[in-house]
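Engineer: Show me the folded form of this:
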Amino acid sequence: MSIVVTGATGQLGRHVVEALLERNVPAGDIVATGRSIEKLADFAAQGVDVRAIDYADAASVAAALQGARRVLLISGSEVGQRVEQHRTVIEVAKAEGVELLAYTSIANADTTGMKLAAEHKETEAILRESGVPFVLLRNGWYLENYTEQLPGTLAQGAIAGSAGDGKVSGAARVDYAHAAAAVLVAEGQAGKVYELGGDEAFTMADLAAEITAATGKDISYNNLPAEDYAGLLKGVGVPEAFAEILADSDLGIARGDLLVSTGDLRTLIGRPAMSLAQAVRSAAASA
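Structural biologist: The predicted structure follows:
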């Protein structure tokens, strides 16, 4: 069985390839693809089939998916271009006759009003119309969205945002990857929709409290109007369009758009998901 992992040069994709190997999928049955295949040299050394792919280049997509039976389409990173890029992969997958295409969407994609979800919604619609057997992996927020900002948070002494008292069901990137691997090797997945998130939702005030507990430095959460938060982000160098998306995403958290209570992630990985406290403590120990 040939399993193609797109975006394997990214952090999520690498974790998925590692998770497949941990599940004893033969290395020769895994195709790891990415733009910079030199980043996949360690997988190639283990016998993984490494191929170049560029979502915007249909020829490279066709070469990468040749012989594929199952495909993990990790959503692209180029906001504004993702729908057509995803369409290219889906059309090639259909032509190749893949038996399953798994797509990494966003939590509550069918009901959220977040701007960040628009391209995911469109991709899901394309999948439904394509005739390709598919499964949706609606990933919630990564805990790393917060823990990777820890040095800056400690320097500033506060977290800023517009999420209010809204809760987010964050989970570690590696847990989402193990869920994807579980789906890729399982039977009977076509048509399923998994809403994926951590076991315990948290507010930004909870996040601040966990950082305080882990570091001994008093961290507070400063809730701002979305316009002010976007302005703050732009002031520290975040591109205007992305700053607007981040502020809008926080408003989505405030509405509960990233709250997931299905337990799907825990079920797929067969264990509790990494908690916020564990993730913060780990990040603090290496900061």
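Engineer: Geometric centre of the protein: which residue is closest?
Structural biologist: The residue lying closest to the centre of the chain (Cα atoms, centre = their mean) is N139, at 5.5 Å.
Engineer: which residues does that one contact?
Structural biologist: Residues in contact with N139 (Cβ atoms under 8 Å, 6 or more residues apart in numbering) are 104-107, 171, 176, 196. No exception for glycine: its C-beta is placed from N, CA and C like everyone else's.
Engineer: for it, phi and psi?
Structural biologist: In terms of degrees, to the nearest 10, the main-chain angles of N139 are phi -80, psi 140.
Engineer: Kindly report the same for the one 3 residues further on.
Structural biologist: Dihedral pair for Y142: phi -80, psi 140, per degrees, to the nearest 10.
Engineer: Tell me if I'm right that it and D175 touch.
Structural biologist: No: in this structure Y142 lies outside contact range of D175 using Cβ atoms under 8 Å: 9.5 Å.
Engineer: who has more neighbours, those two?
Structural biologist: The residue with more neighbours, out of Y142 and D175, is D175; 26 against 19, by other Cβ atoms under 10 Å.
Engineer: residues contacting that one?
Structural biologist: Contact analysis of D175 by Cβ under 8 Å, 6+ apart lists 198, 265, 269, 273-274.
Engineer: what do you get for V98?
Structural biologist: Contact analysis of V98 by Cβ under 8 Å, 6+ apart lists 65, 68-71, 132-133.
Engineer: just H178 next, same as before
Structural biologist: H178 makes contacts with 15, 19, 268-269, as judged by Cβ under 8 Å, 6+ apart.
Engineer: just S220 next, same as before
Structural biologist: Contact analysis of S220 by Cβ under 8 Å, 6+ apart lists 157-159, 208.
Engineer: Of those residues, just the buried ones, PyMOL syntax please.
Structural biologist: Applying 16 or more other Cβ atoms under 10 Å to those, the buried members can be selected in PyMOL as follows:
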select buried, resi 159+208
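Engineer: Grab the two from the contacts of N139 that are most spread out in space.
Structural biologist: The distance between the two most remote of the contacts of N139 (Cβ to Cβ) is 14.7 Å, for S105 and A171.
Engineer: Look at the two and report which has more neighbours.
Structural biologist: The residue with more neighbours, out of S105 and A171, is A171; 28 against 25, by other Cβ under 10 Å.
Engineer: Could you check what's spatially nearest to the more buried one, not counting adjacent residues?
Structural biologist: G198 (4.0 Å; Cβ to Cβ, 6 or more residues apart in numbering).
Engineer: what's the answer for E96, then?
Structural biologist: Nearest residue to E96, sequence neighbours excluded (Cβ to Cβ, 6+ apart): L65, at 5.2 Å.
Engineer: Check which helices and strands the helix or strand containing L154 sits against.
Structural biologist: Assigned by DSSP states H and E, L154 belongs to helix 150-156. Judged by 3 or more Cβ pairs under 8 Å, 6 or more residues apart in numbering; DSSP states H and E, the packing partners of helix 150-156 are helix 204-215, helix 276-286.
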